[in-house]
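Q: Just a sequence and a predicted model for now, questions to come.
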Amino acid sequence: MLTVNAYAATSATEPLAPATIDRRDIGPHDVLVEIKYCGICHSDIHYVRGDWAAVFDVQYPVAPGHEIAGIVSDVGSEVTRHAVGDRVGVGCMVGSCGECVNCRKGEEQHCVKGCTLTYGGIDKDGRPTQGGYSTHIVVGEDFVVRIPEGIGLDVAAPLLCAGITTYSPLRHWGAGPGTKVAVVGLGGLGHMAVKLAHALGAEVTVLSQSLKKREDGLRLGADHFHATGDPATFETLAGSFDLIVNTVSARIDLDPLLWLVSVDGSLVNVGAPAEPLSLNVFSLIMGRRSFAGSMIGGIRETQEMLDFCAEHHLGADIELIPAGKINEAYDRVLASDVRYRFVIDTSTL
Ligand code: NAP
Ligand code: ZN
């Protein structure tokens, strides 16, 4: 067993603090990753603050973090996919049954038995999994992906959650040339959605609370930028989008957004607020619209997304922070003051 430095939450209300955690012994199919960078996802905040207590049994202490980029520093005797020195990433999952219909399709996130989350799950040794706000992690080789040369490890880290969570619905709902896509919320997920939708060839609109981030949105690849705080936005854009990806972390009204969707179009929620969302079914019935959700993406698709990002020279826009600034970063994420992903330099742990 390896004892490593980490940053962990001890309750829903205390700030995160330095800690040590134990990593299991490297099994024959395991990879030891020396973590270089870990992104801060809003999900880390929802989880440690107990926002999702109705869905997840939160166990403390917990080191969050599921946007992990690093270097392979040891491999088990049977490992074939990775070698010492490889640049690799680990996202939101570290295991699944591998046998069910969804795992066999490469949709491990929808494993019938439930995938093993990178933190807050149960590890192979029966103890709680611990995430990437730490210096090392031991992961089965099938849940480790390659980070192509050409993407810096720091800007690649957020791709492991924010990247795949937006790439997967954009692909599934057919974003591409000739389609109009709107992204609601320009935060960690939102800024990657804009970059990816633009690279896929779609016409991209950002719907943000105000026009404060307009210049950034256009620089990231958006063609249009509108404020949801301005009622005129909902009149001007009525019925215009084939696909809206809602990345907002808070409860917002779905009906005004649904009326922006074209006939047969879809509003897809990736944002995961604590509170239930409600809608008026007439917003769906009139216009034969769909409302759907999407959760991260499978391992094969995560690799595809990383290769796509390398081909299109895409990474996240990040603010690199030392571990001592994690709590401050949480406050700034909660205030929608992130441009556009905080990434922890794990050498400071
Ligand atoms: P984030 O960086 O905080 O971005 C969220 C953005 O939503 C903010 O920057 C802000 O954008 C907008 N927003 C926040 N509060 C709002 C409010 N009250 N009203 C309207 N807009 C508001 O968060 P993130 O890391 O991108 O994550 C976003 C959500 O996705 C979280 O709930 C997270 O848990 C969830 N998530 C889901 C998955 C999945 O698999 N489905 C994966 C990862 C994360 P503007 O300033 O532009 O308005
Ligand atoms: Zn995440």
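A: Cool, the structure landed. Ligands and ions are numbered 1, 2, ... in the order given.
Q: only C-alpha atoms for contact and neighbour calcs from this point on.
A: OK.
Q: In contact with the nearest residue to Ser210 once chain neighbours are set aside, which residues?
A: Spatial nearest neighbour of Ser210, excluding adjacent residues (CA to CA, 6 or more residues apart in numbering): Ala227 at 4.5 Å. Neighbour list for Ala227: 207-211, 233 [criterion: CA atoms under 8 Å, 6 or more residues apart in numbering].
Q: Leu16 and Ala329 touch, don't they?
A: No: between Leu16 and Ala329 there is no contact under CA atoms under 8 Å: 11.2 Å.
Q: sorry, back to before: for the residue nearest to Ser210, give the beta-bridge partners.
A: Note on Ala227: beta-bridge partners Ser208, judged by DSSP bridges.
Q: Can you give me the pLDDT of the one residue in the stretch 101-250 of the chain that gets nearest to ligand 2?
A: Nearest residue of the stretch 101-250 of the chain to ligand 2 (CA to the ion) works out as Cys161 at 4.6 Å. Listed pLDDT for Cys161 reads 99.
Q: From what I see, it and His66 are in contact.
A: Yes: if you go by CA under 8 Å, Cys161 and His66 touch, sitting 6.8 Å apart.
Q: Can you pull the residues that touch both of those two?
A: Common neighbours of Cys161 and His66 (CA under 8 Å, 6+ apart) are 41, 91-92.
Q: quick one: the helices in this protein?
A: Ranges of helices within the chain are 42-48, 101-104, 153-156, 162-172, 188-200, 214-220, 231-236, 254-258, 282-285, 299-311, 326-334, based on DSSP state H.
Q: Pull the fifth one out as PDB, backbone CA atoms only.
A: Think helix 188-200. The C-alpha trace of helix 188-200 is given here as PDB (Å, rounded to 0.1, in the frame of the first residue of the first chain):
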ATOM      1  CA  GLY A 188     -16.000  24.600 -17.100                       C
ATOM      2  CA  LEU A 189     -18.300  22.400 -19.100                       C
ATOM      3  CA  GLY A 190     -19.800  25.300 -21.100                       C
ATOM      4  CA  HIS A 191     -16.500  26.600 -22.500                       C
ATOM      5  CA  MET A 192     -15.500  23.100 -23.600                       C
ATOM      6  CA  ALA A 193     -19.000  22.600 -25.200                       C
ATOM      7  CA  VAL A 194     -18.400  25.800 -27.200                       C
ATOM      8  CA  LYS A 195     -14.900  24.800 -28.400                       C
ATOM      9  CA  LEU A 196     -16.000  21.300 -29.300                       C
ATOM     10  CA  ALA A 197     -19.300  22.300 -31.000                       C
ATOM     11  CA  HIS A 198     -17.400  24.800 -33.100                       C
ATOM     12  CA  ALA A 199     -14.700  22.300 -34.000                       C
ATOM     13  CA  LEU A 200     -17.500  19.800 -35.000                       C
END
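Q: and that helix with helix 162-172, angle?
A: 50 degrees (axes from the mean of the first three to the mean of the last three CA atoms, to 10 degrees).
Q: for helix 188-200, the distance to its chain's centre please.
A: With CA atoms, centre = their mean, to the nearest Å as the basis, helix 188-200 stands 12 Å off its chain's centre.
Q: Report the rounded mean pLDDT for that helix.
A: Mean pLDDT, helix 188-200: 99.
Q: From the contact counts, what lies against that helix?
A: Here helix 188-200 is seen to pack against helix 162-172, strand 180-184, strand 203-208, helix 214-220 when contacts are counted using 3 or more CA pairs under 8 Å, 6 or more residues apart in numbering; DSSP states H and E.
Q: Does ligand 2 have contacts with it?
A: No: figure legend: helix 188-200 not in contact with ligand 2 (CA under 5 Å from the ion); closest approach 8.4 Å.
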